[in-house]
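# pasted the sequence and its predicted model underneath.
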Amino acid sequence: MSVESVFPRLEPLLPKVAKPVQYVGGELNATTKEWDAVAVRWALMYPDAYEVGVANQGVMILYEVLNERPDALAERTYSVWPDLEELMRAHGVPQFTVDAHRPVGAFDVFGISFATELGYTNMLTALDLAGIPLHASERGLDDPIVLGGGHAAFNPEPIAEFLDAAVLGDGEEAVGEITDILRDWKAAGRPGGRDELLTRLAETGNVYVPKFYDVRYLASGGIDTVLPNRERVPERVGKRTTMDLDEWPYPKQPLVPLAESVHERMSVEIFRGCTRGCRFCQAGMITRPVRERSIQGIGDMVHNGLEASGFQEVGLLSLSSADHSEIGEIAKGLADRYEGTNTGLSLPSTRVDAFNVDLANELSRNGRRSGLTFAPEGGSERIRRVINKIASEEDLIRTVSTAYASGWRQVKLYFMCGLPTETDEDVLQIAHMAHEVIRAGREASGRKDIRCTISIGGFVPKPHTPFQWAAQSDPATVDNRLRKLRAEVNSDRKLGRNIGMRYHDGEPSFIEGLLSRGDRRIGKVIERVWREGGRFDGWQERFSYQRWVDAADAELEPLGVSLAWFTTRERDELEVLPWDHLDSGLEKEWLWADWQDALNGEEQDDCRWTPCFDCGVCPTMGTSIQVGPSGQPLLPISPV
Amino acid sequence: MAKLRLRYAKRGKLRFTSHRDIARAVERAVRKAHLPVAFSQGFSPHPKLSWIGAAPTGVASEAEYVEIQLVERRAPDVVRTALNAALPNGLTVLDVVDATGGSLAERIEASEWLLELPGIADDTLQAAAAALLAVPHVEVDRLTKNGMRKLDVRPAVLSLRTVRPEESGLPETPPEATTGVGPYGILAMVVRQTTPTVRPDDVLSALGVVAGLAPLVPVKATRVAQGRLDDAGGLVDPLLEDRGAGAAEVVHTGQPVQHVVD
């Protein structure tokens, strides 16, 4: 039974909405397959606006991996803005994919990738527009399996009611395995119904099916136990790890949108995982071990991606790109190869290290030197020891002086506010650092017109990190510190006028904190916020703090817990955390020990260059770190 | 250095692209096709493409124009094939010529548009068109960045008539236009390019003012030709001069519509 495009019904609505191009698809390298020619159909969603979602690397990879299979197809869908949502409701147009404009409700799987928890309300909009019951328990045999993925899936408990299943970790292989299971179940006439399908998925050990687990609470408000409620379901669900990145050189055909997106470039992931051990960083913790793509693999992906897309810029992506064991050779090789071609190469720089400047210089050999970014994350050396982001102020000044002397005009520095043990003084040190940066930069460059931008985000404690036990700072504390910081930056007018300051209010981060470390009781809060109009909560101008506070009060107080209980409360060692049954590979004992080290200001080295410190990932997951150097050159381009 | 002039179409779903969207897509296609495009000098070099007008967002077109500066000559046919392989579906290069001098922009003074009006009968449309042509001025409201503005549409409208779906020559007339399920009106009009520009939806608003025409669904508009006006009120292919000696042999890929000048 084929499925009709909703485009003829959507098209008359498009002239009435803002930026209609975001709803029409038509990207270069997009794929549309015959509905009836495949057994398993996936709708993949990034629950944010098209301009953000279309550039998402994870969705792009899974889209291509699935479409390469002869027995499957994948299409993409994104959040529609409220102007179109209203028209779609008025005209009965369902949530659609941008590829063939097929209704999302007709697919077998509705996969949603969560990079941030603030996308949860957008998921509810999409489910509702798709005509899929919001609650997993109300779905029937013909409804899609609603599947969560992405980093937020490492604690999907707040959206457990809405998800049929969640996948932890890397998706490349997981989507294939799920497709196989679905295909076989459908071919056999869907034996045992939806529950049997979900049980088969759960049996793999890597797919979490929330409804197969019962949560029991203590009178104190905490969790007593989380236990499977049926046979064939594992007590703990493990993450997937794709070990050989060279076997998965995706995206091979990067999607090139017609509409402007947040990334006007293609990205090549040069390694996955990070063992730097920054204690606030969930990505660094849950993606271990480090797995490098080979230098030849990187060279091929850059070449093939540029050929397929026509992009003018390539970003070398990873959690800490300068840490690739052969990054020097990669930078030089690519700079040589693309000399004189107007091809931009960039390395999202994060660590404060003069070597990063050398790399950036190499990559921008023929191009412009506009801005360099470093992430000291903490203003004082003390707080940097707490978060395990080790860099002295002298390192930073030396690094930025090198940058300004090499012709860079702008340096961006990233920081966080609201970190565990933080005081006003730690944050005010940011101003001191920025002043020193300008002073040193003027001296090094001999110019007055250099710029330094400090960008500050509110810290959100995340599951599966040493800070998962930490008390989150309340918005007033964060906002107050940032006000003081602004005054301190401007206290020296001559230096302050070259310093830009960017920050967000503490309130969205506070709600992100609720959603990050929440348990199943938060589902009612999310649903209430959504019913009261919550949409696009990741967008400052659409976020309503009051709506969240009111919903939390209404839904949580009767249960004896509260917004504060989930956020500003420090957890103790023995508390059962909502995500304890979800296994990132990290030993809880190790995380606790690292949390204690943080409180004592003790540093932790990187296991790539020092002995194993037993975080637990490699033995638990049967993996190992994979780094070079291979000693291989960047291969010359062979004609394709 | 060699300059090429291109005529291209934006069709189907891509009618919702803005001019900036198209400019990015064409720049990428030029790179992807490995054309030896010239770059501007300076801090942030960009490929030398110059755009001649641009159909509004939401309007399809069979006659958009761009000039591309190359550092060495490439045969027009080779360029057309290479670009079409590199462009997304819905953007199609129809014609490429070597520029022989002169200004392309000066060869364009009017556009021909087709407006599809499903649900409106041909005779209703004919009456509305006649009513518009019968008056010297028609003011309409147009929403601009600075709020609502009054615009006199009438002087720019050089001709206005109805055509039958099967003779419109539209690349993608929907099936309901020819199956006879309900009326499907199509208006053809030649509009002079003025400042401020009179756009197809302005003409539609004018038809609303003079004849109370209120289409049931938003109209699809397609630009089918641009050029200088000839003595008969038709449009002269702006690339004609560049074709030189062989020009007479080249069949203009535009519309076989006869223009009626009031």
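That came through, no problem. Numbers count the residues shown, from 1 in each chain, chains lettered A, B, ... in the order given.
# contacts, neighbours, all on C-alpha from now
Will do.
# residues from the stretch 101-250 of chain B in reach of chain A?
Applying Cα under 8 Å from any Cα of the partner chain, we find that the stretch 101-250 of chain B lies next to chain A at B:217, B:218.
# mind redoing it with 6 Å?
When proximity is defined as Cα under 6 Å from any Cα of the partner chain, the stretch 101-250 of chain B approaches chain A at residue B:218.
# how about the helices in the stretch 101-250 of chain B?
Remark: helices assigned in the stretch 101-250 of chain B by DSSP state H, counting those that start in this stretch are B:122-133, B:176-179, B:200-211.
# highest average neighbour count across the ones you listed?
Highest mean neighbour count among those (mean count of other Cα atoms under 10 Å in any protein chain shown): helix B:200-211, with a mean of 20.
# if you average pLDDT over it, what comes out?
Averaging pLDDT along helix B:200-211 yields 92.
# kindly calculate the angle that that helix makes with helix B:122-133.
Helix B:200-211 runs at 90 degrees relative to helix B:122-133, counting by axes from the mean of the first three to the mean of the last three Cα atoms, to 10 degrees.
# same list (the helices of the stretch 101-250 of chain B) but as CSV, adding distance to residue A:401.
Shown next, in CSV, are those (distance: least, Cα to Cα, whole Å):
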stretch, distance to residue A:401
helix B:122-133, 70
helix B:176-179, 68
helix B:200-211, 57
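# buried residues of stretch B:133-153, list them for me.
Under the neighbour-count criterion of 16 or more other Cα atoms under 10 Å in any protein chain shown, stretch B:133-153 has B:133, B:138, B:139, B:140, B:151, B:152, B:153 buried.
# need the residues that contact that stretch.
Applying Cα atoms under 6 Å, 6 or more residues apart in numbering or on different chains, the contact partners of stretch B:133-153 are residue B:154.
# for it, C-alpha coordinates in CSV please.
Extracted C-alpha coordinates of stretch B:133-153, given in CSV (Å, rounded to 0.1, in the frame of the first residue of the first chain):
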residue,chain,number,x,y,z
LEU,B,133,-7.2,47.1,-18.9
ALA,B,134,-10.1,49.5,-19.2
VAL,B,135,-8.9,51.8,-16.4
PRO,B,136,-5.8,54.1,-16.4
HIS,B,137,-4.8,53.6,-12.7
VAL,B,138,-5.3,50.9,-10.1
GLU,B,139,-3.9,51.4,-6.6
VAL,B,140,-3.2,48.4,-4.4
ASP,B,141,-1.8,48.0,-0.9
ARG,B,142,1.5,46.2,-0.6
LEU,B,143,3.1,45.1,2.6
THR,B,144,6.7,46.3,2.7
LYS,B,145,9.4,46.5,5.3
ASN,B,146,8.1,50.0,6.1
GLY,B,147,4.5,48.9,6.4
MET,B,148,1.6,49.2,3.9
ARG,B,149,2.3,51.2,0.8
LYS,B,150,0.1,52.2,-2.1
LEU,B,151,1.3,51.1,-5.5
ASP,B,152,-0.3,52.0,-8.9
VAL,B,153,-0.2,48.7,-10.8
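# okay, buried residues for the helix or strand where residue A:593 lies please.
Element membership for residue A:593 (DSSP states H and E) is helix A:588-599. Residues of helix A:588-599 classed as buried by neighbour count (16+ other Cα under 10 Å): A:588, A:591, A:592, A:594, A:595, A:597, A:598.
# now do the same contact list for the fifth one.
For residue A:595, the contact set (Cα under 6 Å, 6+ apart) comprises residue A:466.
# what's the per-residue pLDDT of it here?
pLDDT, read off for residue A:595, is 98.
# quick check: it vs residue B:146, distance?
As defined by Cα to Cα, to the nearest Å, residue A:595 lies at a distance of 57 Å from residue B:146.
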